[in-house]
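S.K.: Let's see this in three dimensions:
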Amino acid sequence: MNFKVMMALALGLAMTAGSAFAKDKEKKKDKKKSVESRFDEIDTNHDGQISKDEFKAYSETKHGKKDGEKKDAEKTDTEKKADA
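M.R.: Numbering: from 1, shown residues only. Now for the predicted structure:
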């Protein structure tokens, strides 16, 4: 191969790799924002900590169930028969 062709291929590869790394970094930022916003949503008194009561309340509102309760789809056949 000629030197110019090899350099063009190398440059193209470097640009593609750089673009992929930039997208990955952007995804990490979005994920971090998502985690921070979820934490703020759960931490209702905004003391920087999530208490058991805050977590329980969040879980109940998001998943519509209380501790120990399972949705029918999550239950085993034995559990479904026991409920009947």
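
S.K.: quick one: average pLDDT of stretch 61-81?
M.R.: For stretch 61-81, the mean per-residue pLDDT is 66.

S.K.: Tell me which residue lies nearest the centroid of this structure.
M.R.: Per Cα atoms, centre = their mean, the C-alpha nearest to the average position across the chain is that of Lys31, at 6.5 Å.

S.K.: SS state for that residue?
M.R.: Of the three states, Lys31 takes helix according to DSSP: H, G, I helix; E, B strand; the rest coil.

S.K.: Against Ala14, how distant is it?
M.R.: 26 Å (Cβ to Cβ, to the nearest Å). For glycine as for every other residue, the C-beta is placed from the backbone atoms N, C-alpha and C.

S.K.: Met6 too?
M.R.: 12 Å.

S.K.: Lys23 now?
M.R.: With Cβ to Cβ as the criterion, Lys23 and Ala14 are 15 Å apart.
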